[in-house]
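[1] Sequence first, predicted coordinates after that:
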Amino acid sequence: MKLPGWAAALISRTVSLAAVVLLIGALPWLSGNTPEYTVLRARYADREATPEALAGIRAELGLDRGPVAVFADWAARAASGDFGTSWISGSPVLPGVLAALGVSVTLMAAALAVALVIAALVCAPALLAGLSGRPTRGAGTVAAALTALPEFLLAAVLLVVMAVGLGWFPPYGWRGPGNVVLPALALGIPAGGL
């Protein structure tokens, strides 16, 4: 039986998301350090990693049950809307995730706006020529050049020139609309060329 395209895509994305969540959940066990050691170092950098201190953290977090049991408990609570508390700070996880999601969506929208403006500027000469009755076939050199720009390199150049050199934008952080400009340009310019 062949699944419709939308069903196959939904199943594929669901399995991929579950795999990513499972991998991230298993990272404390895969890192080479025990999870309780990692938590102890993150909570108390100057505290000695004695067997008693590690056993206390292991018992507090239920880590002695293993990664599968810890993940299964978390997944059951997450299905009901409780995403748990941070092992490090003890604060609820969901508000931090939602705040980060808001930043990501804002950056995505700004990068999309930049990409649309760049695409319109790249396509404008051919569109205007076609509307005036003299259609031309452009080489697409500008679009190809913009598409070929690596985002990480463009971001570094924009940061050095516009934030450090000219001082027009903040070089780091997320405090207001000014902080979205440089990342949106770095992501939107190559996408607009494409």
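    Happy to help now that I have it. It should be emphasised that the depicted structure is a prediction, and the values quoted were computed from it without experimental measurement.

[2] Please, where are all the helices along this protein?
    Taking DSSP state H as the test, the helices found in the chain are 5-30, 35-43, 51-61, 67-79, 93-131, 141-148, 151-158, 178-193.

[3] Is it possible to get CSV of those that adds mean pLDDT?
    Output for these, formatted as CSV (pLDDT from 0 to 100):
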stretch, mean pLDDT
helix 5-30, 82
helix 35-43, 82
helix 51-61, 84
helix 67-79, 83
helix 93-131, 88
helix 141-148, 84
helix 151-158, 88
helix 178-193, 89
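
[4] What is the neighbour count of residue 96?
    13 (other C-beta atoms under 10 Å). C-beta: built from backbone N, CA, C; applies to glycine.

[5] same thing with residue 182?
    Applying other C-beta under 10 Å, I find that residue 182 has 21 neighbouring residues.

[6] Not counting its neighbours along the chain, what's nearest it?
    Counting by C-beta to C-beta, 6 or more residues apart in numbering, residue 158 is the residue found nearest to residue 182 once chain neighbours are left out, at 5.0 Å.

[7] The one you found touches residue 185, doesn't it?
    Yes - using C-beta atoms under 8 Å, residue 158 makes contact with residue 185 at a distance of 5.8 Å.

[8] Compare these two and say which is more crowded by neighbours.
    Just comparing residue 158 and residue 185: by other C-beta under 10 Å the higher neighbour count belongs to residue 185, 20 against 17.

[9] My read is that that one contacts residue 114, right?
    Yes - at 5.9 Å, residue 185 counts as touching residue 114 under the criterion of C-beta under 8 Å.

[10] show me what contacts residue 167?
    Neighbour list for residue 167: empty [criterion: C-beta atoms under 8 Å, 6 or more residues apart in numbering].

[11] now the residue nearest the centre of the chain: how far from residue 30?
    The centroid of the chain falls nearest to residue 104 when counting by C-alpha atoms, centre = their mean (6.8 Å). Between residue 104 and residue 30 the computed distance is 25 Å (C-beta to C-beta, to the nearest Å).

[12] Please apply the same query to residue 187.
    Per C-beta to C-beta, residue 187 is found 30 Å from residue 30.

[13] Mind checking which of those two has more residues around it?
    Legend: neighbour count by other C-beta under 10 Å for residue 187 and residue 30, higher for residue 187 (20 against 10).
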